[in-house]
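Engineer: Sequence and predicted structure, then a few things I'm wondering about:
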Amino acid sequence: MLSQPSENALALNQISKTYAGEQVLSQLNLAVPYGSVYAFLGNNGEGKSTTIRVLTGLEAPDAGSVTICGDSLYAKRRSLLSRSARFVPDYRLLHRLGGLIDAPSLYPNLTAAEFLSIGCGIKGLPVSEIDRVLAVVSLTDAAKRLVGQFSLGMKQRLAIAHTLLGDPELLILDEPTNGLDPSGIRDIRQLLSELPASTGTTVFFSTHNLDEVEKMATRFAVLKDGRIRFESDIPSWKAAQQFNMTLEVGDANAAHTVLLKHGFQSKMTNPNTLRVEGLPRDEQPRLHALLVNEGIELFQSYQCKTSLEQWFTNEHTD
Ligand SMILES: Nc1ncnc2c1ncn2[C@@H]1O[C@H](COP(=O)(O)OP(=O)(O)OP(=O)(O)O)[C@@H](O)[C@H]1O
């Protein structure tokens, strides 16, 4: 009998994992609240895929526990052949989650509906599920088209539809926009960010792209050196973030004097360009208004993009 859901759709407690003497995950703790779109952010090789394999039951941890919708995924069992105990997943829990790990395996000679009907058959679901999940991923009109004729973005949406068969409470995706073109990326971002509202599913996805986090997630955590090094909801993170800005103005010298008078530090990079570093987000409107009010011609102002590595190094070195 499954217990009542806790406040978190997913929780990892003190998870450790070692490969051939190399510690990949080290006492990792993570909690994903129901209804969130949770980004699991980390650079290449930090252990995102390893974590996802552990929390989908594909690979047992060396230590720690995984809780899905309030129930423990792993139990320690003594093997019949050896005296040592090992973690074994409770497969009954896996129907509560849908997982998309690595590139989806799709059949090019089947239509989208035929492909999904196989999933329905395996899971013992009514065929009405096919129309439901196709509608969620906006592929209703492509139901009778061959999968081999789909764009990469459509294939990814179909793969997500497949994971949604049976209406799982939690969806887990490993780098879901990898390899897609800009329009495919946009579609997947929109689909995933709307899923909690449209189906009640909590979304957990890994990425190495900071931009992805800002555009899709409600919360995020940064994995580094096997642990969660930073965790926040998006609005608090945005409010606390500082930006480097470039301003294109008619007279950089005059603009510099105005900014200095109001306590902003700026650097002139040429007679028409200023750079302002470490500017808090909520100071940006005031800075623009000051320049305009003082009669400075402001042609353009843009934020310099920060990579995950830069952002993490700048703000969270310990
Ligand atoms: N089955 C395995 N056997 C041995 N080492 C492994 C295995 N799987 C992963 N590793 C190692 O664990 C570390 C983390 O790998 P993992 O694939 O989890 O990282 P990742 O954050 O998902 O990286 P990427 O973004 O490149 O996919 C790497 O050093 C990798 O070489």
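Structural biologist: All right, it came through fine. Just so it is clear, the structure is predicted and the values come from calculations on it, not from any experiment.
Engineer: can you pull the pLDDT of the closest residue to residue 131 other than its chain neighbours?
Structural biologist: Nearest residue to residue 131, sequence neighbours excluded (Cβ to Cβ, 6 or more residues apart in numbering): residue 140, at 7.1 Å. For the C-beta atoms, the positions are set from N, CA and C on the backbone; glycine is no exception. pLDDT, residue 140: 96.
Engineer: and if you look at residue 205?
Structural biologist: 96.
Engineer: Next: residue 91.
Structural biologist: We have a pLDDT of 82 for residue 91.
Engineer: please begin residue numbering at 2 from this point
Structural biologist: Sure, I'll start numbering at 2, so the last one becomes residue 92.
Engineer: and the closest residue to the ligand within the stretch 152-301 of the chain, how many neighbours does it have?
Structural biologist: Across the stretch 152-301 of the chain, the shortest distance to the ligand (Cβ to the nearest ligand atom) belongs to residue 209, at 5.3 Å. By other Cβ atoms under 10 Å, 18 other residues sit near residue 209.
Engineer: does the nearest residue to it once chain neighbours are set aside sit in a helix or strand, and which one?
Structural biologist: If the residues on either side of it in the chain are set aside, residue 209 comes closest to residue 44, at 5.5 Å by Cβ to Cβ, 6+ apart. Under the criterion DSSP states H and E, no helix or strand holds residue 44.
Engineer: what's the burial count for residue 44?
Structural biologist: Counted with other Cβ under 10 Å, residues neighbouring residue 44 total 14.
Engineer: Check the one 5 residues further on too.
Structural biologist: By other Cβ under 10 Å, the residues close to residue 49 number 20.
Engineer: Show me which residues of the protein sit near the ligand.
Structural biologist: By the rule Cβ under 6 Å from any ligand atom, the part of the chain lying against the ligand is 20-21, 25, 43, 45-51, 209.
Engineer: Listing request: residues of the stretch 2-151 of the chain with sub-threshold pLDDT.
Structural biologist: 2-7, 80-84 (pLDDT under 70).
Engineer: can you give me the helices in the stretch 52-201 of the chain?
Structural biologist: 113-124, 129-137, 153-165, 183-200 (DSSP state H, counting those that start in this stretch).
Engineer: so which of those gets nearest residue 277?
Structural biologist: helix 183-200 (29.3 Å; Cβ to Cβ).
Engineer: relative orientation of that closest one and helix 153-165 in degrees?
Structural biologist: 20 degrees (axes from the mean of the first three to the mean of the last three Cα atoms, to 10 degrees).
Engineer: Would you mind getting the angle between helix 183-200 and helix 129-137?
Structural biologist: Counting by the same axes, to 10 degrees, helix 183-200 points 120 degrees away from the direction of helix 129-137.
Engineer: who's in contact with helix 183-200?
Structural biologist: 36-38, 137-139, 152-155, 157-158, 161, 165, 168, 172, 174, 177-178, 181, 202-204, 206, 213, 216-219 (Cβ atoms under 8 Å, 6 or more residues apart in numbering).
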